[in-house]
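Enquirer: next input, structure requested:
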Amino acid sequence: MRGLLTLCCAASLVCLLLSGCNMPGSAVPTQIPQVGSVRTWIDAPLDGSSIPFAPYEIVLHAYDLGGVAQVELKANGSPLAILPNANSEQNLATLKYMWSPRAPGNYTLSARAQGGNGLPGSEAIAVITVVGATPTPVITVTPVVSFTPTVVVSFTPTVVPSFTPTLIPAELAFTPQISANEFFYGSCGSNQMTIQVYATGPNLSGVLLFLKLKDQSSGATTDWDGGSAMTPSGDGWFTQTVKSSSLAGADSMSEAWLLYQFIGTDSASKTIGRSQVYSDIVLTSCGPVFRRVVTPTPVPGVIVPPIRRMPTATLIPPPK
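Expert: Model prediction:
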């Protein structure tokens with residue numbers, strides 16, 4: 001009996017001690033927050049990825065049972081931004097940041113979230129490469145231009161202030177007609193001849209005649225004269241009589257070509273076209289200085305003039 005009584009007393013004492021441990025005012029918290037319990041992810045860009053050298057949106061996620069307060073974002077250890085969570089009571093928060101890299105190269109992005117209890121969590125890291133734009137090669141094509149020069153032999157008249165030569169239009173035409181192919185300076189033959197031209201074209205009202213001489217021996221030429229207005233003969237014909245005495249330089253050349261050109265004008269005396277330069281008339285001097293002595297037996301002091309034909313000028317009437 002004594003042993004049983006002792007056991008009962010011991011059991012009662014243990015029960016009293018255990019009940020004293022659960023007295024009001026001494027309750028133990030059911031959960032104790034731990035440092036580093038907040039988790040963070042970098043969703044974009046992914047670790048090891050490459051992005052273009054341009055503004056890029058970084059996407060982050062953070063999770064904590066007690067809510068997420070904010071996330072700190074860095075690039076190569078330098079702070080980029082502190083992104084607050086609009087609803088800090090949410091367990092899972094999604095945050096975004098528009099990032100503009102300073103230059104192409106490798107970057108280490110790190111993000112660390114802070115829980116609602118103010119304690120920071122673990123750090124998320126993404127190592128990425130910012131790729132610069134690749135320059136587009138520019139191919140420059142150098143054209144090769146080749147040409148074969150065309151030699152044009154022509155007599156270009158000297159422009160005088162009284163007229164401005166222009167290119168003759170396709171519809172403007174001149175058809176010349178001369179009374180003789182040769183006339184003379186002096187008294188050995190006819191010292192004048194007649195030049196006619198049949199001129200057609202729109203707005204054509206008058207024709208000017210320009211003259212100059214070209215020495216057949218030396219090739220030297222005189223200047224173009226000032227030009228003279230040809231007389232209308234009707235039905236598109238224009239006429240001009242040329243006297244050898246009126247030609248500058250005629251007394252200094254034994255034989256010369258008479259070069260002539262027609263200039264078309266409108267009703268306002270404005271040049272509208274010109275003809276080619278014609279050279280089918282010969283001017284021969286009758287003076288003793290320029291005559292060639294032709295005699296089988298030279299006689300001292302006697303100059304025998306050569307025999308010259310006397311051309312007969314025949315005008316062709318204009319077409320009807």
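
Enquirer: so which strand or helix has the residue found closest to residue 221 once you drop the neighbours it is linked to in the chain?
Expert: Once flanking residues are discounted, residue 221 sits nearest to residue 214: 4.5 Å by Cβ to Cβ, 6 or more residues apart in numbering. For glycine as for every other residue, the C-beta is placed from the backbone atoms N, C-alpha and C. Using DSSP states H and E, residue 214 sits in strand 206-215.

Enquirer: let me know the next secondary structure element after that strand.
Expert: Heading C-terminal from strand 206-215, the first helix or strand you meet, by DSSP H and E, is strand 228-229.

Enquirer: for that following strand, which strands pair with it and how are they oriented?
Expert: Strand 228-229 has its sheet partners listed here by DSSP bridges as strand 206-215 (antiparallel).

Enquirer: got the contact list for residue 230?
Expert: Residues in contact with residue 230 (Cβ atoms under 8 Å, 6 or more residues apart in numbering) are 195, 197, 206-209, 238-240, 262.

Enquirer: Serialize those residues to TSV and add fields for neighbour count, distance to residue 271 and pLDDT.
Expert: What follows is the contacts of residue 230, written out as TSV (neighbours: other Cβ atoms under 10 Å; distance: Cβ to Cβ, whole Å; pLDDT from 0 to 100):
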residue	neighbour count	distance to residue 271	pLDDT
195	21	19	96
197	24	16	96
206	16	10	95
207	23	11	96
208	21	8	96
209	20	13	96
238	23	15	97
239	19	20	97
240	19	17	95
262	25	11	96
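
Enquirer: ok, those vs residue 275, which is closest?
Expert: Closest approach to residue 275 among the contacts of residue 230 (Cβ to Cβ): residue 262, at 4.2 Å.

Enquirer: got a list of contacts for the helix or strand hosting residue 111?
Expert: Element membership for residue 111 (DSSP H and E) is strand 105-115. Contact with strand 105-115 is made by 33, 37-40, 42, 45, 58, 60, 62-64, 66-77, 93, 101, 120-130, as judged by Cβ under 8 Å, 6+ apart.

Enquirer: now do the buried residues in stretch 218-225.
Expert: For stretch 218-225, burial by neighbour count (16 or more other Cβ atoms under 10 Å) applies to 221-222, 224-225.
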